[in-house]
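Asks: build me a model:
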Amino acid sequence: GSSCEKCDFETDLCKGLHELNLQPGWIRRNGRSGIGPPYSDHNGNDSAYFLSLSSDMRASSATLRTDVFLPTDKEHVCQITFHYWISQTSGKLVVGLQKHSEDTITNIWQDSGELQNQWKVNTITINSTEKYEV
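Replies: Residues are numbered from 1 along each chain as shown. A predicted model of the protein is given here:
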């Protein structure tokens, strides 16, 4: 069976992200917030919520961490699909993998926003023989 869990931000952070770990710089907003683009979510809904970097974070970076995931194997594959928007030339979105035996975070995907100001979607597949966070 599929253990897929849809993650949106309609009420709060979704289960997959650390509830108390919304780092400085991330805000939960929708297209009506008056902050600027995007003016809707990836479905064109202007009242649906998404996470956005606040304007005073333009020059620096902010992290989102998932909860701990269990090891993957042939039966337990991990695929994460996410929608994202990059609106500035210096913007970069990086997905990192941290295995529990390692202190370092390994970058497994990134996009520096050649196609800007539009919603894009990506799916990453993760393999790890130990517990990990993304």
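Asks: separation between G91 and D56?
Replies: From G91 over to D56 the distance is 15 Å, taken as Cβ to Cβ, to the nearest Å. (Each C-beta comes from the backbone N, C-alpha and C, glycine too.)
Asks: who's more crowded, these two?
Replies: G91 (15 against 9; other Cβ atoms under 10 Å).
Asks: check what pLDDT that one gets.
Replies: Per-residue pLDDT puts G91 at 80.
Asks: how deep is the closest residue to it other than its chain neighbours tucked in, by neighbour count?
Replies: On the basis of Cβ to Cβ, 6 or more residues apart in numbering, the spatially nearest residue to G91 that is not a chain neighbour turns out to be G113, at 5.0 Å. G113 has 18 neighbouring residues, counting by other Cβ under 10 Å.
Asks: name the residues of stretch 111-129 that come out as buried.
Replies: Taking 16 or more other Cβ atoms under 10 Å as the neighbour-count basis, stretch 111-129 is seen to contain the buried residues 113, 126, 128.
Asks: strands - which of those residues land there?
Replies: For the buried residues of stretch 111-129, membership in strands holds for I126, with DSSP state E as the criterion.
Asks: let me know the closest of the buried residues of stretch 111-129 to C4.
Replies: Each of the buried residues of stretch 111-129 was scored against C4 by Cβ to Cβ, and I126 proved nearest at 14.3 Å.
Asks: pLDDT score assigned to the closest one?
Replies: Note on I126: pLDDT of 93.
Asks: for the nearest residue to it once chain neighbours are set aside, phi and psi?
Replies: Leaving aside its sequence neighbours, I126 sits nearest to C78 (Cβ to Cβ, 6+ apart; 4.2 Å). The phi and psi torsions at C78 (degrees, to the nearest 10) take the values phi -110, psi 120.
Asks: next: R29.
Replies: Backbone dihedrals for R29, given as degrees, to the nearest 10, come out at phi -150, psi 180.
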